[in-house]
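Chemist: this is a predicted model, with the sequence first.
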2 protein chains.
Amino acid sequence: MTKKGDKIGHILHVTIDLLSKEGGENLSMRGVAKASNISLSNLQYYYPNKEALLKAAIAQYFSGCQEAIMARMEQSALDQASSGSIFFEQLLDLLLYNAKESDQAIMFREISALSSRNKDLELAIDAYYKDYCAWLTELIRPHAQLPEKIVCLLVPYLEGYAGVGTVLPLSKKEVVQMLLDIIKGTLNPLCSE
Amino acid sequence: MTKKGDKIGHILHVTIDLLSKEGGENLSMRGVAKASNISLSNLQYYYPNKEALLKAAIAQYFSGCQEAIMARMEQSALDQASSGSIFFEQLLDLLLYNAKESDQAIMFREISALSSRNKDLELAIDAYYKDYCAWLTELIRPHAQLPEKIVCLLVPYLEGYAGVGTVLPLSKKEVVQMLLDIIKGTLNPLCSE
DNA sequence: ACCTGAACACCGTTCAAGT
DNA sequence: ACCTGAACACCGTTCAAGT
């Protein structure tokens, strides 16, 4: 019953693995087919071209990321922390760690580069990011008065930090503290703005 | 005398052009050679492989970016604006505009994806970013008390904004205002921290 | 030092053909 | 519906050879 799903799942798993190991540039249909133990033509039956394969793999990857974050969130009992300070400290630690995790950082760079070449892929990725922003906004809402603003600060920042974080004049710890100060000081005023 | 330099300059110019038009994935040595009106083998004489060509093209591109920012800075008479508020307003406008300029955003995505595949390229790019951070720090120093912190905020943020800016729940104008508030409120306290 | 073309093993995609 | 191999035009790189 789920045999077809399993096969496709396996293909996508292999694709993501190769994508993070060798990059989109070096990923080949033949390589994916070989690593999946199927023929090139068979792979092309499921994904008629490289773009279709990449699109499906990226979709799979994004949903995997959301699940991973959810899981770690529950694990660290983030929801229960009612105090705003502790909540954001944990969240930043989690998101920044996530951003620097080698595989993930590489994947996002590959994905964003691929999307800049491909309108279709870009739209799909934009949709995933919008989902992510909405999800993060609701996660933050109970702990802050301006969750949209905080999301607008954090999402681009973390995205950029994954790329240039290592060259900044401040350490990661100092950066986290700075972000916390910003969230506390500017974006979460006790009185209305 | 400068004939060799001219030829190399032309090759790099053509490479950057093709890179931004077709992406690193679709850039070919043969394509660059053809567009440069030289033979493939001749191109390989100057750049023995694709990596060497890309590395040189990216170096050329980065220095071009610095020059462009400098030029626009002088043009907008940014240095003379002694008032901190006006200075940062102009700077953010300039940097955010720069970041969303289609060609540049695409180039940076290509570059960062290429660098994640190539340790050599990554080191070169890190060096350019460090330069950029140092340069921006000194530019900001006369107008703020914690220039390093502001750079640590702005550089990753602008980098990330180029990728995900369009999916955020706030408009670009609101984002600029938020950044200005942060700079004024948290990072540039009148009294010592 | 500068430039050339032929040849190598690879690639994505197409296609006609099998079950 | 699922799977196959041959063939197409392309690619990066190597190499022996010319000026």
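Modeler: Received, thanks.
Chemist: next structured bit after the helix or strand residue A:45 falls within?
Modeler: Using DSSP states H and E, residue A:45 sits in helix A:40-46. Once the chain leaves helix A:40-46, the next helix or strand it forms, by DSSP H and E, is helix A:50-75.
Chemist: mind listing what's buried in that next one?
Modeler: A:50, A:53-62, A:65, A:69 (16 or more other CB atoms under 10 Å in any protein chain shown). Just so you know, the C-beta spots here come from the backbone N, C-alpha and C atoms, and that holds for glycine as well.
Chemist: and if you look at stretch A:117-129?
Modeler: A:117-118, A:121-122, A:124-125, A:128-129.
Chemist: in JSON lines: those, plus secondary structure, distance to DNA strand C and pLDDT.
Modeler: Listed next are the buried residues of stretch A:117-129 as JSON lines, based on DSSP: H, G, I helix; E, B strand; the rest coil; distance: CB to the nearest atom of the strand, whole Å; pLDDT from 0 to 100:
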{"residue": "A:117", "secondary structure": "coil", "distance to DNA strand C": "12", "pLDDT": "71"}
{"residue": "A:118", "secondary structure": "coil", "distance to DNA strand C": "11", "pLDDT": "74"}
{"residue": "A:121", "secondary structure": "helix", "distance to DNA strand C": "13", "pLDDT": "75"}
{"residue": "A:122", "secondary structure": "helix", "distance to DNA strand C": "17", "pLDDT": "80"}
{"residue": "A:124", "secondary structure": "helix", "distance to DNA strand C": "17", "pLDDT": "77"}
{"residue": "A:125", "secondary structure": "helix", "distance to DNA strand C": "19", "pLDDT": "80"}
{"residue": "A:128", "secondary structure": "helix", "distance to DNA strand C": "22", "pLDDT": "81"}
{"residue": "A:129", "secondary structure": "helix", "distance to DNA strand C": "25", "pLDDT": "86"}
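Chemist: so which of these also contact chain B?
Modeler: A:117, A:129 (CB under 8 Å from any CB of the partner chain).
Chemist: just give me the closest of the buried residues of helix A:50-75 to residue A:6.
Modeler: Using CB to CB, residue A:60 comes nearest to residue A:6 of those, at 13.4 Å.
Chemist: wait, residue A:128 sits on residue A:62?
Modeler: Yes. Here residue A:128 reaches residue A:62: they are 4.4 Å apart, a contact under CB atoms under 8 Å.
Chemist: mind putting the buried residues of helix A:50-75 into JSON lines with pLDDT and distance to residue A:24?
Modeler: As requested, those are exported to JSON lines (pLDDT from 0 to 100; distance: CB to CB, whole Å):
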{"residue": "A:50", "pLDDT": "94", "distance to residue A:24": "9"}
{"residue": "A:53", "pLDDT": "95", "distance to residue A:24": "11"}
{"residue": "A:54", "pLDDT": "92", "distance to residue A:24": "7"}
{"residue": "A:55", "pLDDT": "90", "distance to residue A:24": "12"}
{"residue": "A:56", "pLDDT": "93", "distance to residue A:24": "14"}
{"residue": "A:57", "pLDDT": "93", "distance to residue A:24": "10"}
{"residue": "A:58", "pLDDT": "88", "distance to residue A:24": "10"}
{"residue": "A:59", "pLDDT": "87", "distance to residue A:24": "15"}
{"residue": "A:60", "pLDDT": "90", "distance to residue A:24": "15"}
{"residue": "A:61", "pLDDT": "88", "distance to residue A:24": "12"}
{"residue": "A:62", "pLDDT": "81", "distance to residue A:24": "15"}
{"residue": "A:65", "pLDDT": "78", "distance to residue A:24": "17"}
{"residue": "A:69", "pLDDT": "71", "distance to residue A:24": "23"}
